[in-house]
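Q: output the structure for:
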Amino acid sequence: MSVSADIALERLREGNERFAEGHPKRHFSAAERAKLVEGQRPWAVIVGCADSRVPVEVLFDAGPGEVFVVRSAGHVMSEAGYASVRYAVEVLGARLVVVLGHEGCGAVAASRDGDAPAWLAPITDHIHTDAATLSEAVDQHVRESVAEMRAWFDNAGFSAEDVAVLGGTYQLASGEVRWED
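A: Numbering: from 1, shown residues only. Next up is the predicted model:
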């Protein structure tokens with residue numbers, strides 16, 4: 001059974017608070033693993049960066065089967081990424097999608113600075129920023145990605161009642177997610 005976007009967001013906020021304070025509660029036992037054999041029912045989708053410093057389930061103190069994670073450098077979405085998000089919402093029942101950027105994002109920096117190698121173009125060509133600082137550029141990219149995701153859901157026939165899309169930026173040093181409300 002799916003939970004509302006509000007409840008999912010509350011769970012993410014509380015889990016991130018536990019993580020940032022150094023008091024996570026999650027443990028993956030054999031019993032928990034056995035429960036997941038029959039299937040998954042994630043209550044949120046996180047579209048995040050592939051950066052290895054951003055361990056999504058860990059920073060939200062979420063157990064296996066609770067969040068559906070779609071990752072690529074700079075959280076840039078592809079056709080496969082959108083299909084993955086749609087699967088999580090339409091088939092698995094998630095009602096909240098979070099676009100999660102992070103401070104110090106190399107993909108955003110490469111796009112902003114214009115010094116990315118040509119092979120990185122499938123990522124950097126999708127990041128548009130004129131921000132003065134990298135932090136501002138990351139925030140701008142998150143906001144634009146949220147708007148893009150909302151438009152994609154709208155074009156796919158979903159309403160705001162079907163799925164909520166929010167953005168946040170993970171702070172590497174503190175472990176906190178700063179939400180774009």
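Q: every contact and neighbour count from this point should use C-alpha atoms.
A: Fine.
Q: where does the protein have low pLDDT?
A: 1, 26 (pLDDT under 70).
Q: what segments of it are strands?
A: 44-48, 67-71, 96-102, 164-170, 177-180 (DSSP state E).
Q: want to throw those strands into CSV with mean neighbour count and distance to residue 140?
A: Output for the strands of the chain, formatted as CSV (neighbours: other Cα atoms under 10 Å; distance: least, Cα to Cα, whole Å):
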stretch, mean neighbour count, distance to residue 140
strand 44-48, 27, 15
strand 67-71, 22, 18
strand 96-102, 27, 10
strand 164-170, 21, 10
strand 177-180, 17, 10
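Q: so who does the closest residue in space to residue 42 that isn't next to it in sequence touch?
A: Spatial nearest neighbour of residue 42, chain neighbours left out: residue 66 (4.2 Å); criterion: Cα to Cα, 6 or more residues apart in numbering. By Cα atoms under 8 Å, 6 or more residues apart in numbering, residue 66 lies in contact with 40-44.
Q: distance of residue 66 relative to residue 13?
A: 14 Å (Cα to Cα, to the nearest Å).
Q: again with residue 118
A: Taking Cα to Cα, one finds residue 118 at 38 Å from residue 13.
Q: the more surrounded of the two?
A: residue 13 (19 against 9; other Cα atoms under 10 Å).
Q: how close does the more buried one get to residue 41?
A: Per Cα to Cα, residue 13 is found 19 Å from residue 41.
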